[in-house]
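> Could you look at this predicted model? Sequence included:
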Amino acid sequence: MIIRIAAALLLLAALWVLFRFAMALRWSKVVREGSRSTEESRGRKVVAEIPLPDELLFFLEDDAGFYWGRSQARKSEILGARLLLNGGVIGSFGPPGAALPDPPPAEEYEGRERWDVLIYCRGRTEAVPCGSLREGVSREIAARVFEAVRRAGSS
């Protein structure tokens, strides 16, 4: 009888842990969707969700520019951009007949992919960290960010 009671208590404890985990996941989804709705109600389009170790950033676009975290790039100031994998250039675009500044040197391979997009604006360079998640997630995020900036820079 004691074994059955202990097994039942252990089962209840495991179910409680699973329930709390499920509710935490649901709550984070509700908060993320609320933040997304708030940004969309301001007239901004969510280009990509960037999961960083400490937070989830939205890469946002409106008629005037791009916004992520505390950074921004005005469309009228964009000169070009580079798509980087571990600091190495994968793709770039710039004004016809002009060269972009040299990219930073590629880093030594750490065993994981780290994707970034550098946006070259008049007088400054903005970096968009797109993450280092496996299975192509960060690559897809970086490609979306780069393509949105390229479209804005070309027009």
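That came through fine. Numbers count the residues shown, from 1 in each chain.

> before we move on, what SS does His36 have?
Quick fix: residue 36 is Arg, not His. Under the three-state scheme (DSSP: H, G, I helix; E, B strand; the rest coil), Arg36 adopts helix.

> from what I can see it touches Leu60, true?
No - counting by CB atoms under 8 Å, Arg36 stays clear of Leu60, with 9.6 Å between them. Placement of C-beta: from N, CA and C, glycine included.

> what touches both of those two?
Residues touching both Arg36 and Leu60 (CB atoms under 8 Å, 6 or more residues apart in numbering): Val46.

> And those two? Which one has more around it.
More crowded of Arg36 and Leu60, by other CB atoms under 10 Å: Leu60, with 21 against 16.

> quick one: average confidence on the helix or strand harbouring that one?
In this structure, Leu60 sits in strand 56-61 according to DSSP states H and E. Strand 56-61 shows a mean pLDDT of 90.

> Past it, which element shows up next along the chain?
Moving toward the C-terminus from strand 56-61, the next helix or strand (DSSP H and E) is strand 65-68.

> Grab the most central residue of the chain for me.
With distances taken as CA atoms, centre = their mean, Ile50 lies nearest the centre of the chain, 1.8 Å away.

> Which parts of this structure are helices?
In the chain, the helices defined using DSSP state H lie at 2-41, 137-154.

> Tabulate those helices in TSV, adding columns for distance to Gly91 and mean pLDDT.
Converted to TSV, these look like this (distance: least, CB to CB, whole Å; pLDDT from 0 to 100):
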stretch	distance to Gly91	mean pLDDT
helix 2-41	27	89
helix 137-154	6	88
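
> State the mean pLDDT of stretch 43-50.
89.

> Which residues does it contact?
Identification of contacts with stretch 43-50 by CB under 8 Å, 6+ apart yields 32, 36, 39-40, 56-63, 66-68, 128-131, 141, 144-145, 148.

> Can you say which of these are buried?
Neighbour-count burial (16 or more other CB atoms under 10 Å) applied to the contacts of stretch 43-50 gives 36, 39, 57-61, 66-68, 128-131, 141, 144-145, 148.
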